[in-house]
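Asker: Predicted coordinates and the sequence they were generated for:
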Amino acid sequence: MAKQKNHKWLMIVILLITIASFIYIDYSSLAYLSGEYIVSILQGLFQPDWTYVYTPGSGEDLLSLMLDTVAIAFFGTIIGVVLSIPFILLGAYSLWGKFKIVPRITRGFLNVLRAIPTLIYAILFVRIVGPGEFAGALAIGVQMVGMLGKLIGEAMDNIDDTPVEAMESVGASSFQVFQYGRLAQVMPVAASHTINHFEIAVRSATILGLVGAGGIGAPIIFALQARNWGRVSIILLAIIIVVVLIDQLSTFIRKKLK
């Protein structure tokens, strides 16, 4: 009965927040809404600019910029995986016994890393290392440290302790217990999280060009500002195709890891 009451109050709170959100939002911009303008945009989006797909030697065509975008995401994922390893170990409560202060501090730091959007990291790294793809990869990598550090650290805390206890009972060393009792259970989960965040990184990388961090972001904004709907359409189509292909590939890899 008490549980049902709690659920009831939770639903009321959510409803009140939803109503408050609708009231708080400014709807004055709807005055500029024009059916004619919407039709014009849709007509443009259904006429992709195929000439933008590839221009030999330019490096500024759609194919080149999408390859840059995927490369930024992949390199950023590698950076994130490598840098997250010490934080995973420091943030796992199961590895520190009575010294709970270490994982608490580590997870607090990881919360800070996760709280900052990738675009903000990109702005900072463009200032530090200069504009280009490397700044974008660093931005994705650092943000990913916060995500992977938390998720994989929690996975390490939630493993089945039976193999660990069995190995300890037969006199296995701490390193052997970690390698065969803990790490072996966590690796498939860690691989799945990494692949999933690579997919997210590809989507994030598509907007990093807005601040000079490489990729397809700048061209799509310039096209939107110029109302070049044909170019916007072909860029969006390329992003959708790349994301779908990566999703299919990651699904295949995850199945193989099971």
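Answerer: Perfect, I can see it now.
Asker: Just give the closest residue to F75, not the sequence neighbours.
Answerer: Nearest residue to F75 in three dimensions, chain neighbours excluded: A137, at 4.1 Å (CB to CB, 6 or more residues apart in numbering). (C-beta placed from N, C-alpha, C; glycine too.)
Asker: Run a quick neighbour tally on the one you found.
Answerer: By other CB atoms under 10 Å, the residues close to A137 number 28.
Asker: can you check F134 too?
Answerer: F134: 18 surrounding residues under other CB under 10 Å.
Asker: oh, and call the first residue 55 from now on, that's how I've got it
Answerer: Fine by me, first position is 55 from now on; the one you just mentioned is F188.
Asker: What strand or helix carries the residue nearest to F129?
Answerer: Taking DSSP states H and E as the criterion, A191 maps to helix 187-211.
Asker: Mind giving me the packing neighbours of that helix?
Answerer: Contact partners of helix 187-211 among helices and strands, from 3 or more CB pairs under 8 Å, 6 or more residues apart in numbering; DSSP states H and E: helix 116-145, helix 155-169, helix 172-183, helix 238-259.
Asker: how about T109, secondary structure?
Answerer: At T109 the chain is in coil, as set by DSSP: H, G, I helix; E, B strand; the rest coil.
Asker: mind listing what the closest residue to it other than its chain neighbours touches?
Answerer: Excluding the flanking residues, the one nearest T109 by CB to CB, 6+ apart is D115, at 4.2 Å. Applying CB atoms under 8 Å, 6 or more residues apart in numbering, one finds that D115 lies in contact with 106-109.
Asker: got it, and G269?
Answerer: 119, 122-123, 126, 187, 190, 259-263.
Asker: By neighbours, which of the residues you listed wins?
Answerer: For the contacts of G269, the largest neighbour count, defined by other CB under 10 Å, is 34 neighbours, found at G190.
Asker: That one reaches I133, doesn't it?
Answerer: No - with the criterion set as CB atoms under 8 Å, G190 and I133 do not qualify as a contacting pair; they are 10.8 Å apart.
Asker: For this structure, give me the ranges with low pLDDT.
Answerer: In the prediction, the chain carries residues with pLDDT under 70 at positions 55-60, 311-312.
Asker: Can you tell me which residue sits nearest the middle of it?
Answerer: If you average the C-alpha coordinates of the chain and look for the closest C-alpha using CA atoms, centre = their mean, you land on I254, 3.6 Å from that point.
Asker: picking up where we left off before, any figure for the gap between the residue nearest to T109 and P102?
Answerer: 14 Å (CB to CB, to the nearest Å).
Asker: And for the chain, the residue most distant from the center?
Answerer: V224 (41.8 Å).
Asker: Against G190, how distant is R308?
Answerer: In terms of CB to CB, R308 sits 26 Å off from G190.
Asker: what does I307 give?
Answerer: With distances taken as CB to CB, I307 is found 24 Å from G190.
Asker: now do G271
Answerer: Counting by CB to CB, the gap from G271 to G190 is 9 Å.
Asker: Neighbour count and distance to N212 for the contacts of D115 - can I get that in a markdown table?
Answerer: Supplementary listing: the contacts of D115 in a markdown table, determined by neighbours: other CB atoms under 10 Å; distance: CB to CB, whole Å:
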| residue | neighbour count | distance to N212 |
| --- | --- | --- |
| Y106 | 21 | 48 |
| V107 | 14 | 46 |
| Y108 | 11 | 48 |
| T109 | 13 | 51 |
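Asker: now the residues you listed in CSV, with distance to D301?
Answerer: What follows is these, written out as CSV (distance: CB to CB, whole Å):
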residue, distance to D301
Y106, 24
V107, 22
Y108, 24
T109, 28
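Asker: and of those, the nearest to A280?
Answerer: For the contacts of D115, the closest approach to A280 (CB to CB) belongs to Y106, at 12.7 Å.
Asker: thinking the closest one is in contact with I288, fair?
Answerer: Yes - the pair Y106 and I288 qualifies as a contact (CB under 8 Å) at a distance of 5.5 Å.
Asker: so what sits against both of the two?
Answerer: Shared contacts of Y106 and I288, counting by CB under 8 Å, 6+ apart, come down to L116.
Asker: Thanks a lot, see you next time.
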